[in-house]
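A.B. asks: generate coordinates for the sequence data below:
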Amino acid sequence: MCGRFSLTATPEEVQEFLNLLDLEGFPARYNIAPTQPILVVIASDRQDPGSNLPQRKALLVRWGLIPGWVKDPKDFPLLINARSETAIGKASFRAAMRHRRVLVPASGFYEWHRPPKESGEKPQAYWIKPRTGKILAFAGLMETWSSADGSEVDTGAILTVGANRTIGRIHDRMPVVIKPEDFERWLDCKSGEPRHVEDLLVPAEEDFFEAVPVSDLVNKVANTGPEVQAPVGESLEIARPEKKASGNGQMSLF
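C.D. replies: As a prediction, the model looks like this:
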């Protein structure tokens, strides 16, 4: 799953990475939590006159998707994540998968390794970021919920997938990362149906992320400074492919 993430890149860096039309300034956010506003990116009909590339729009939504058919959000669970394997057919996400796919810019996310209680070990938090140090974009979904009095709230969720081997040593799920070359296809909800983007809902490559152990400061929403990302140990090693034995019983590298 993804229960906390961070966006510490500058507005200028985010605007360039996602080719946004306009983007107001915002502070670095080191500990973004559910129900807080998050930045999402949607498609637009504008093109950059200099490059003919599509320009996109950014807006703020509440992290915690509320389907349009919900009568009272107080009686509905907080949907901060959507399982990519079932989102296409699940009532809560079906419409958003077809009509409102978004990108969620981030600098990385946090995950907790929770050992069995009988082990006596304490949970360990990890700050999981791209090894390149660059911005990334999670696959997201958006819904606009309307109350009985006519007021509207834009809401969103982050899609997750089964973790790769590296992140799987911490948790069995991870956010879906959309590559820049696939931004346009993911956001194209006019001609691109959910089945046309299923191939994008896969784990990131083993060496894409670096997992850095951090203190439990990140557990508290009130802790919003860079200290929540301070390392308390060595980064998790990348899970390497297992060598297969050749026909003569010798280990082979091929």
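A.B. asks: where do the strands sit along the protein?
C.D. replies: 4-7, 29-32, 37-42, 57-63, 81-83, 101-106, 108-113, 124-130, 136-146, 152-162, 173-175, 209-214, 244-245, 251-252 (DSSP state E).
A.B. asks: can I get the ones you listed in JSON lines including mean pLDDT, distance to E193 and mean neighbour count?
C.D. replies: Every residue, glycine included, has its C-beta placed from N, CA and C. Putting those into JSON lines (pLDDT from 0 to 100; distance: least, Cβ to Cβ, whole Å; neighbours: other Cβ atoms under 10 Å) gives the following:
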{"stretch": "strand 4-7", "mean pLDDT": "98", "distance to E193": "28", "mean neighbour count": "22"}
{"stretch": "strand 29-32", "mean pLDDT": "98", "distance to E193": "30", "mean neighbour count": "21"}
{"stretch": "strand 37-42", "mean pLDDT": "98", "distance to E193": "17", "mean neighbour count": "22"}
{"stretch": "strand 57-63", "mean pLDDT": "97", "distance to E193": "22", "mean neighbour count": "19"}
{"stretch": "strand 81-83", "mean pLDDT": "98", "distance to E193": "17", "mean neighbour count": "20"}
{"stretch": "strand 101-106", "mean pLDDT": "98", "distance to E193": "11", "mean neighbour count": "26"}
{"stretch": "strand 108-113", "mean pLDDT": "97", "distance to E193": "28", "mean neighbour count": "21"}
{"stretch": "strand 124-130", "mean pLDDT": "98", "distance to E193": "29", "mean neighbour count": "22"}
{"stretch": "strand 136-146", "mean pLDDT": "97", "distance to E193": "15", "mean neighbour count": "22"}
{"stretch": "strand 152-162", "mean pLDDT": "97", "distance to E193": "16", "mean neighbour count": "21"}
{"stretch": "strand 173-175", "mean pLDDT": "98", "distance to E193": "22", "mean neighbour count": "24"}
{"stretch": "strand 209-214", "mean pLDDT": "97", "distance to E193": "30", "mean neighbour count": "20"}
{"stretch": "strand 244-245", "mean pLDDT": "50", "distance to E193": "38", "mean neighbour count": "10"}
{"stretch": "strand 251-252", "mean pLDDT": "35", "distance to E193": "42", "mean neighbour count": "9"}
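A.B. asks: can I get those strands in a markdown table with distance to G89?
C.D. replies: Converted to a markdown table, these look like this (distance: least, Cβ to Cβ, whole Å):
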| stretch | distance to G89 |
| --- | --- |
| strand 4-7 | 26 |
| strand 29-32 | 29 |
| strand 37-42 | 23 |
| strand 57-63 | 23 |
| strand 81-83 | 11 |
| strand 101-106 | 16 |
| strand 108-113 | 26 |
| strand 124-130 | 29 |
| strand 136-146 | 14 |
| strand 152-162 | 14 |
| strand 173-175 | 19 |
| strand 209-214 | 29 |
| strand 244-245 | 36 |
| strand 251-252 | 42 |
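A.B. asks: so which of these comes closest to K71?
C.D. replies: strand 136-146 (10.2 Å; Cβ to Cβ).
A.B. asks: show me how far the lengthiest helix in the chain is from its chain's centre.
C.D. replies: If each helix of the chain is counted by residues according to DSSP state H, the longest one is helix 11-18. In terms of Cα atoms, centre = their mean, to the nearest Å, the centre of helix 11-18 is found 17 Å from the chain centre.
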